[in-house]
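S.K.: With the input below, show me the fold.
(one chain, ligands or ions: 1)
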Amino acid sequence: MEVVKCVIFLQGKLPSHADLIHALSGNKDLKLPEGAEMVSLALSESTGAKLRELFDTSLYLQNLRASEFGAFVLYSPVIPSTHTLLSQNFHAFPQGTVCIAGAQLQGKGRAGNVWESPKACLMFSFTMKMTSGRLLPFLQYVVSLAVIEGLEETCNSKGIPAPEVRIKWPNDLYAKGNRKPTTCLDALIQELDPRAANLRQEELLAFIMSRFEKLNGKFPTDGFSPLQESYYSRWLHSGQTVTLEEKDPKSSEVSHVPVTIRGLTPSGTC
Ligand SMILES: O=C(O)CCCC[C@@H]1SC[C@@H]2NC(=O)N[C@@H]21
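M.R.: Down below sits the predicted model:
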């Protein structure tokens, strides 16, 4: 059985990142997957050229308009999980560090689920410090908005039609109301314009991170209210009627209660 070595390549947008990359390369205090190593992306030309075919971090950084979120990049062709790597080494990296994987071997989904690694799936995690636990439930809404608006901006910048993507509360994104987990963005775009060029992961991620930094600007001080209308305009549920199942605790009798979704509660639930 071939054992794939995990190599994590580092690149930064800011001049100050050079010293950090130097300090991180070969740092024995980091918690890395067994046998993994962290190296600067400023390597030999041939390694750089091979990597660029997988994910061109320089193209990504050229398109990035953010100065913090996404500005320090970790890229690994194969890694157990971007989430695990960042959460286990959270304090070693600057705020907004993004970790991107070509493939994940132990991807983590919600509620202990396994997240598979479909080919061409854009898999990434980024770090963020939050001081208010009260705002934490709303962060996923800011991220969902950043993904939708980032996708639209990518398409606009390339002159191709943007597929309509909507938020299913709390943070799933559905295209055409369809919850298939492997919906391909390029296929959706091709339906709208068969001559449209394929999206590049590097550009899409750069637009998403740039958008996130912008949307997040006043979020820590002003909360989610200023973004709430945009969130509602993108979600699937306005005026939607759903049926809640209610169980009488005494008789255990189950009744079905139709309710109309109006919006989020002050604590961020639906
Ligand atoms: O279950 C869900 O809905 C969330 C899945 C999140 C998967 C992503 S892929 C990149 C990052 N790395 C992980 O191990 N999990 C997240």
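
S.K.: For the ligand, what's its nearest residue on the stretch 151-270 of the chain.
M.R.: residue 172 (6.8 Å; C-beta to the nearest ligand atom). Every residue, glycine included, has its C-beta placed from N, CA and C.

S.K.: Pairing partners for that residue in the sheet, please.
M.R.: As for beta bridges, residue 172 partners with residue 168 under DSSP bridges.

S.K.: For it, give its distance to residue 237.
M.R.: In this structure, residue 172 and residue 237 are 12 Å apart, going by C-beta to C-beta, to the nearest Å.

S.K.: Show me which of those two is the more surrounded one.
M.R.: Between residue 172 and residue 237, counting by other C-beta atoms under 10 Å, residue 237 is the more crowded of the two (17 against 13).

S.K.: Which residue, other than its chain neighbours, is closest to that one?
M.R.: Nearest residue to residue 237 in three dimensions, chain neighbours excluded: residue 261, at 4.4 Å (C-beta to C-beta, 6 or more residues apart in numbering).

S.K.: Next, count neighbours for that neighbour.
M.R.: Neighbour count of residue 261, defined by other C-beta under 10 Å: 15.

S.K.: Ok, residue 210 next?
M.R.: As a measure of burial, residue 210 has 21 neighbours, counting by other C-beta under 10 Å.

S.K.: doesn't residue 66 make contact with it?
M.R.: Yes. Taking contacts as C-beta atoms under 8 Å, residue 210 lies within contact range of residue 66: 4.7 Å.

S.K.: and after the worst-scoring helix or strand of the chain on mean pLDDT, which helix or strand comes next?
M.R.: Lowest on mean pLDDT, DSSP states H and E among the helices and strands of the chain sits strand 241-247, with a mean of 81. For strand 241-247, the following helix or strand on the C-terminal side (DSSP states H and E) is strand 254-260.

S.K.: which other residues reach that following strand?
M.R.: Residues external to strand 254-260 that are found in contact with it (C-beta atoms under 8 Å, 6 or more residues apart in numbering): 239, 240, 241, 242, 243, 244, 245, 246, 247, 248.

S.K.: Hmm, residue 262 and the fourth one touching each other?
M.R.: Spelled out, that is residue 242. No. At 11.8 Å, residue 242 does not count as touching residue 262 under the criterion of C-beta under 8 Å.

S.K.: one step back: look up how far residue 252 lies from the residue of the stretch 151-270 of the chain closest to the ligand.
M.R.: Going from residue 172 to residue 252 by C-beta to C-beta gives 31 Å.

S.K.: Show me where the chain has its strands.
M.R.: 7-12, 37-40, 72-79, 98-104, 107-108, 114-115, 123-126, 165-168, 172-175, 241-247, 254-260 (DSSP state E).

S.K.: Redo the ones you listed as CSV? Include distance to residue 158.
M.R.: Listed next are these as CSV, based on distance: least, C-beta to C-beta, whole Å:
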stretch, distance to residue 158
strand 7-12, 24
strand 37-40, 31
strand 72-79, 22
strand 98-104, 20
strand 107-108, 29
strand 114-115, 28
strand 123-126, 20
strand 165-168, 16
strand 172-175, 18
strand 241-247, 37
strand 254-260, 39
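
S.K.: residues contacting the residue nearest to residue 237?
M.R.: 169, 237, 238, 239, 240, 241, 242, 270.

S.K.: Just read off the phi/psi values of it.
M.R.: phi -80, psi 120 (degrees, to the nearest 10).

S.K.: One more: the one 3 residues further on?
M.R.: Backbone geometry at residue 264, expressed as degrees, to the nearest 10, gives phi -90, psi 150.

S.K.: One more: the one 3 residues further on?
M.R.: Main-chain dihedrals, residue 267, degrees, to the nearest 10: phi -90, psi 0.

S.K.: pretty sure it is touching residue 137, no?
M.R.: Yes. If you go by C-beta under 8 Å, residue 267 and residue 137 touch, sitting 6.7 Å apart.

S.K.: Show me where the protein dips below the pLDDT cut-off.
M.R.: Across the chain, the ranges flagged by pLDDT under 70 are 1-2, 179-182.

S.K.: Helices along that one, start to end?
M.R.: In the chain, the helices defined using DSSP state H lie at 17-24, 45-54, 57-63, 82-88, 136-158, 185-192, 201-216, 219-222, 225-234.
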